Structure formats: structure tokens, C-alpha cells
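In: return a 3D structure for these sequence lines:
(one chain, ligands or ions: 2)
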Amino acid sequence: MTNEDPDIFGGGSSVLLVNVIVNGKKGSIYIDESGKIGETCEGTNAGLKSEAEFIIDGNGAIATPGFTNTHTHAAMSLLRGYADDMHLQQWLSEKIWPLEAHLTGEDVYRGTELACIEMIRSGTIAFNDMYFFMDQAAKAVDEMGMKAVLCHGFIDFGDEAKRESEIKATEALYSHVKGMNNPRIKMATGPHAPYTVSREGLTWCSEFSKEKDVHLHIHLSETETEVKECIEQHGKKPAELLEECGCLTNKTIAAHCCWLDDAECELLGKYGVSPSHNPASNMKLAGGRAMPYQKLLDAGANPTLGTDGCSSNNNLDILEEVKFAALLQKFFWNSDTVLPANEAYDMITSAGAKALGFGPGRIEKGAPADIVLIRTDVACNTPLYNPVSNIIYSCGSNAVDTVICDGRVLMHENTIPGEEEILKKASETAFDLVRRKEDAG
Ligand SMILES: N[C@@H](CCSC[C@H]1O[C@@H](n2cnc3c(=O)[nH]cnc32)[C@H](O)[C@@H]1O)C(=O)O
Ligand SMILES: [Zn+2]
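Out: Ligands and ions are numbered 1, 2, ... in the order given. The predicted structure follows:
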């Protein structure tokens with residue numbers, strides 16, 4: 001049986017998925033050597049079968065487009081459980097930033113590997129990441145076989161010298177990623193937020209993004225306080241400040257967006273921005289308001305979903321996140337019909353893929369083979385009236401069986417090669433980081 005062949009994880013081979021539910025019908029999917037979807041058809045298609053190097057029997061699994069996480073700080077997986085149950089500003093300035101001051105490139109590499117394991121386990125094939133030592137994050141993503149948009153979190157607090165060093169770090173990441181020449185890995189500029197980056201810094205990031213045709217990734221209106229301070233300092237609301245600095249485009253991903261007012265939603269819609277809803281982080285850090293999902297959608301923005309980092313979530317499980325999103329929207333906006341299952345599903349498939357520019361996020365001929373198999377022989381998929389409803393409301397990541405990104409098998413029958421070693425190294429790295437911080441006082 002070809003399924004047991006370890007080479008199935010290598011990539012670059014043609015694969016036939018048989019006995020799966022694809023776009024609502026029982027059928028099969030052929031993936032060619034270039035990692036694209038060749039054909040999908042009903043039945044097992046014997047013709048394609050004879051061509052494929054590997055055959056994966058889905059045993060009746062649902063084949064879904066792989067999921068996209070549009071806002072995270074992957075290596076913060078090392079900080080999971082380090083500081084919980086605090087106010088956001090206090091949490092960042094007293095706990096997180098002092099520990100991050102001791103981070104090394106090696107830490108980021110190990111933390112990003114750990115994050116990739118967790119994301120793959122919930123069917124995530126692509127993510128949008130903001131952190132430091134991003135060349136090391138890129139190395140981990142490359143090895144783990146995922147897709148990512150990576151940015152160096154740019155913070156200048158209005159200081160010119162700091163701005164210069166953040167510009168250098170951003171330029172270095174651009175050259176590094178270009179040199180990797182891996183179509184699955186892109187860079188973005190990453191102005192952290194309107195409250196941590198000066199007008200000059202924001203403008204530099206927007207100009208660099210436009211000049212190099214790369215994404216721009218930012219935190220926007222996560223708390224009410226930052227909105228008030230922005231109005232005091234700049235005489236305008238955060239989204240208006242971003243517009244003035246050129247930061248709103250259809251390559252902008254804006255995380256949180258909780259406190260946007262109607263006019264700001266219109267602005268994001270006008271420019272085709274992709275807001276990233278982060279419900280778990282917002283609830284845990286008591287942001288006090290949910291992203292105005294419906295207003296953003298109606299205005300023409302492209303709402304997507306992110307987990308935020310592991311120290312405010314505390315995991316990277318997109319299937320848990322999407323249920324939180326669908327429930328929080330209904331609860332906060334007091335509407336039992338807002339963000340229905342099919343729209344929540346769009347957020348983690350087609351809208352997420354569109355936001356990061358990684359294909360259509362659908363299973364169709366010619367699309368990248370980003371495919372996840374979700375078991376149906378499990379309680380959460382019984383009965384199976386509506387696969388989308390079950391994926392959003394009832395299934396956890398334990399139902400995720402097989403994950404394929406660009407035709408490369410990342411997880412097969414619940415196994416990810418090298419997982420045990422990655423978890424061990426990540427745990428050692430995390431404890432070592434805290435020890436270094438404590439030794440330094
Ligand atoms: N170059 C920057 C690095 C910024 S990386 C992005 C930053 O976002 C921080 N972060 C994580 N979650 C949140 C959040 O919810 N709101 C604001 N910042 C966050 C994270 O801890 C990290 O410091 C520097 O020198 O500090
Ligand atoms: Zn964040």
C-alpha cells in the first residue's frame with residue numbers, strides 16, 4: 001500500500017485522493033507533480049489512478065480547501081501560558097516585551113516550528129506572521145512546507161534612530177525572502193500599530209510595500225484607549241490616519257479592527273482592505289467590542305480570521321477560532337443570523353487565501369493543491385447533513401486527518417514527520433528563554 005511509504009511527505013509527486021467528499025459529492029482529486037489540482041471527478045477515476053505515484057484513500061473524508069490564519073505571531077508559541085489574565089497594556093509592557101527582549105533567532109526558529117505543527121494539526125496551510133528574526137521564521141516555514149507572509153514587526157515610538165533600524169530590518173527581510181526564491185514564502189512590511197509607529201514610519205512602510213508590491217500587516221483599533229489616544233494625538237481616527245499615510249490598500253491586512261466606527265468601515269471597504277478578526281484574543285484581553293464584521297463586509301472589505309499569538313489565545317487552532325468568531329459575532333451584535341456558517345467558512349478559505357494572495361482557496365482545476373481531509377467516521381461529523389456546518393460548529397482539529405499544501409503532504413493520517421523532536425526542542429527552548437531573562441534580573 002503506497003500510503004505507508006514515507007516518501008509520501010516529500011512533495012513533487014502526483015497524488016490521487018480517492019473516496020473523499022469534494023464540493024458536496026463523493027469523488028476523487030488528482031494532484032499533479034507541480035502541486036496543482038488537475039482534475040476532480042465523481043467516482044474513483046481509474047484513468048487517473050494509473051498515473052498517480054501515490055494514492056491516498058480518504059475513507060469518506062471531507063476534502064476542504066486548506067485554512068488560512070491571517071494574523072499571528074507564530075514564535076509566541078514559546079510564551080504560551082507565560083502570562084495570562086492581565087490588562088493588555090500591562091501584559092505587553094510588563095511581561096511580554098521584557099521577555100521578548102531576550103529572544104534569539106534560534107528561539108524564533110524553534111517557536112515557529114512549534115507553531116507550524118499546531119497550525120497544520122488544525123488544517124491551516126497558510127498564515128500571516130509578524131515578529132522578529134523573521135529570516136529564522138522563514139527557515140522554519142520553508143522546512144515545514146507551509147505558506148506564509150512574514151513581516152518584521154516595525155515599532156519606532158517616534159524615535160528616528162529606532163526607525164532607521166526598523167527600516168534596515170525590513171529591507172534585510174525583503175532581500176532574504178527574495179533570495180530564498182520560494183513561492184510559498186512572501187514578505188510584508190509590518191508597522192505594528194498606529195500607537196507604536198510614527199506617521200513617518202507608517203508612510204515609509206506604505207511606500208515600501210507599494211514600491212516592492214508586497215503586503216502590509218498592522219494591528220488596528222484593538223482597544224478603545226488607543227482610539228482615544230490617536231484622536232488626541234493626531235486629531236483623527238486610526239483608520240483615517242492610516243489612509244493619510246497610504247497604509248490602506250487591497251494588500252493591507254489589519255488585525256483586530258474592534259473599535260472601528262461606521263465611517264472607518266467604509267474606508268476599509270473603499271480600499272479593499274482585509275480585516276483579520278481575532279475573537280479569542282479579543283475576548284481574553286477583554287477588548288470590550290467585537291469587530292463590526294457585517295459593516296465591514298457590506299462596505300466591501302474582505303473579512304478574514306486570525307488567531308493572534310499564542311500568548312493571548314493560547315493556541316493556533318483555526319477551527320476553534322472560527323467557532324468563536326461565529327458565536328462572538330452573534331452574541332456581541334445581538335443577532336442570531338450574523339456570520340452564518342458558510343460565511344465563516346469563506347473567512348478561513350477563500351477570503352483568507354485572497355488576503356494573502358495564495359490562490360482562490362477553493363478546490364478547483366488549476367488551483368494550488370491546498371487540501372485538508374476531515375474525517376467523517378467521527379462523532380462530530382455524525383450525522384453529516386451539512387459538511388460546512390459541521391466544520392464550523394462541531395468539529396475540532398482532532399477530526400483533521402491529512403493536510404496537503406501546494407501538493408506536498410504535510411500531515412498524513414494524523415502523522416507529521418519529525419513532530420516529537422520539534423516539540424521537545426521547543427519546550428527546551430522556551431524554558432531556556434525564561435532562564436536567560438531571570439538570570440539577567
Ligand atoms: N521590532 C519590534 C517587534 C515587534 S513584533 C510584534 C509585537 O506584537 C506584540 N503583540 C502580540 N500580541 C499583541 C496584541 O494583541 N496587541 C499588540 N501587540 C501584540 C508581540 O508581543 C510583539 O512584540 C520591537 O522591537 O519590539
Ligand atoms: Zn497581534
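
In: show me what from the protein comes close to ligand 1.
Out: Proximity of the chain to ligand 1 (CB under 6 Å from any ligand atom) is limited to residues 73, 92, 96-97, 100, 130-132, 153, 155, 192, 219, 222, 281, 308-309, 312. Any C-beta I mention is one placed from the backbone N, CA and C, and that applies to glycine too.

In: what secondary structure does the residue in the stretch 251-400 of the chain that ligand 1 sits nearest to sit in?
Out: With CB to the nearest ligand atom, the shortest gap between the stretch 251-400 of the chain and ligand 1 falls at residue 309, namely 4.7 Å. Following DSSP: H, G, I helix; E, B strand; the rest coil, residue 309 is assigned to coil.

In: tell me the confidence at it?
Out: On the pLDDT scale, residue 309 is placed at 97.

In: domain ranges for this protein?
Out: As assigned by automatic domain parsing, the chain contains the domains 2-65+364-413, 67-356.

In: run through the helices of the stretch 151-300 of the chain in chain order.
Out: Assigned by DSSP state H, counting those that start in this stretch, the helices in the stretch 151-300 of the chain fall at 160-180, 199-212, 224-234, 238-244, 262-271, 279-284, 293-299.

In: tell me how far the shortest one is from the chain's mean position?
Out: Taking CA atoms, centre = their mean, to the nearest Å, the mean C-alpha location of helix 279-284 is offset from the chain mean by 15 Å.

In: which strands and helices sit next to that helix?
Out: Here helix 279-284 touches helix 318-332, going by 3 or more CB pairs under 8 Å, 6 or more residues apart in numbering; DSSP states H and E.

In: got the CA positions of stretch 7-21 in CSV?
Out: C-alpha atoms of stretch 7-21 as CSV (Å, rounded to 0.1, in the frame of the first residue of the first chain):
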residue,chain,number,x,y,z
ASP,A,7,8.2,9.4,0.6
ILE,A,8,4.6,10.5,0.5
PHE,A,9,5.8,13.5,2.6
GLY,A,10,8.5,14.5,0.0
GLY,A,11,6.4,16.6,-2.4
GLY,A,12,6.9,16.8,-6.1
SER,A,13,4.9,13.7,-6.7
SER,A,14,1.5,13.2,-8.3
VAL,A,15,-1.1,12.2,-5.8
LEU,A,16,-4.6,10.8,-6.2
LEU,A,17,-7.1,11.4,-3.4
VAL,A,18,-9.9,8.8,-3.6
ASN,A,19,-13.0,8.2,-1.6
VAL,A,20,-13.4,11.8,-0.5
ILE,A,21,-16.3,14.3,-0.5
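
In: can you tell me the average pLDDT over it?
Out: Mean predicted lDDT for stretch 7-21 stands at 91.
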